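Asks: Compute the structure for the input listed below.
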Amino acid sequence: MLGDSSSSLLLSLLLAQLHLLASAFPAQPRRIQTDFDKLTNQTRHLLKLTQDLLKDPVFGTEVDHHRFKSLPAISSRVSDLSSLEFKPTLSQLYADLKSFEHHFEWLNRTRKQQHSSVPKLTDMISHIKSLIHSLQRQMTRAEASRIPVPSPSLPPNLAFHWEVVQSSQELLQRFRLFCDWASRVFLTLKSRLPA
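Replies: Below you'll find the predicted structure:
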């Protein structure tokens with residue numbers, strides 16, 4: 001009889017510990033919200049990096065914004081945020097980020113070949129890759145499909161320093177708009193998650 005009561009007591013203690021352990025770990029929705037906070041913060045950091053790069057005096061003039069035909073175009077308005085669908089929006093942001101990544105890598109290679117004084121893009125590319133990785137994890141959890149990312153149509157080889165500067169400025173300006181939009185999208189999607 002003593003053996004039965006001690007095993008019952010042990011079982012009760014184990015069940016109580018299991019309950020404490022289960023309540024100590026956040027629920028899945030809370031983790032997803034934390035992940036969206038991370039996505040938002042990473043995007044805002046990229047926005048700040050972009051703004052800082054655009055403050056460089058080399059970008060002091062207006063440029064013709066027609067070099068990159070394959071860059072994602074932000075055609076949405078703030079009022080469109082309320083109609084976003086979760087999975088397709090994650091998929092589209094992923095495809096857009098991958099496109100920007102390809103463009104920045106091309107520009108960084110071109111900049112190195114020209115020995116240009118355009119600000120270094122290595123840090124920017126590293127942060128874009130990190131954001132893509134975080135977004136991929138979120139897409140896997142949400143079972144969102146990946147949109148194929150076509151190869152970008154890049155400008156012909158840039159022969160002059162001024163062409164590198166103009167291309168850099170256009171790409172950075174377009175990426176600034178994208179980051180501003182993406183951070184708003186992540187906040188909107190987070191607000192729709194269950195509490």
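Asks: Any figure for the gap between residue 127 and residue 171?
Replies: Using C-beta to C-beta, to the nearest Å, residue 127 is found at 15 Å from residue 171. (Glycine included, C-beta is placed from N, CA and C.)
Asks: now do residue 162
Replies: Using C-beta to C-beta, residue 162 is found at 15 Å from residue 171.
Asks: So those two - more neighbours on which side?
Replies: residue 171 (22 against 13; other C-beta atoms under 10 Å).
Asks: what helix or strand does the more buried one sit in?
Replies: Residue 171 is part of helix 161-191 when elements are defined by DSSP states H and E.
Asks: buried sites along that helix?
Replies: 163-172, 174-176, 178-190 (16 or more other C-beta atoms under 10 Å).
Asks: what's the answer for stretch 72-79, then?
Replies: residue 72.
Asks: do stretch 103-112 as well
Replies: Buried-residue list, stretch 103-112, by 16+ other C-beta under 10 Å: 103, 104, 105, 106, 107, 108, 110, 111.
Asks: go on, stretch 141-156?
Replies: Taking 16+ other C-beta under 10 Å as the criterion, stretch 141-156 shows 144, 152, 154, 155 as buried.
Asks: in what helix or strand does the most centrally placed residue in the chain lie?
Replies: Among the residues of the chain, residue 131 comes closest to the average C-alpha position under C-alpha atoms, centre = their mean, at 3.8 Å. Under DSSP H and E, the secondary-structure element containing residue 131 is helix 122-142.
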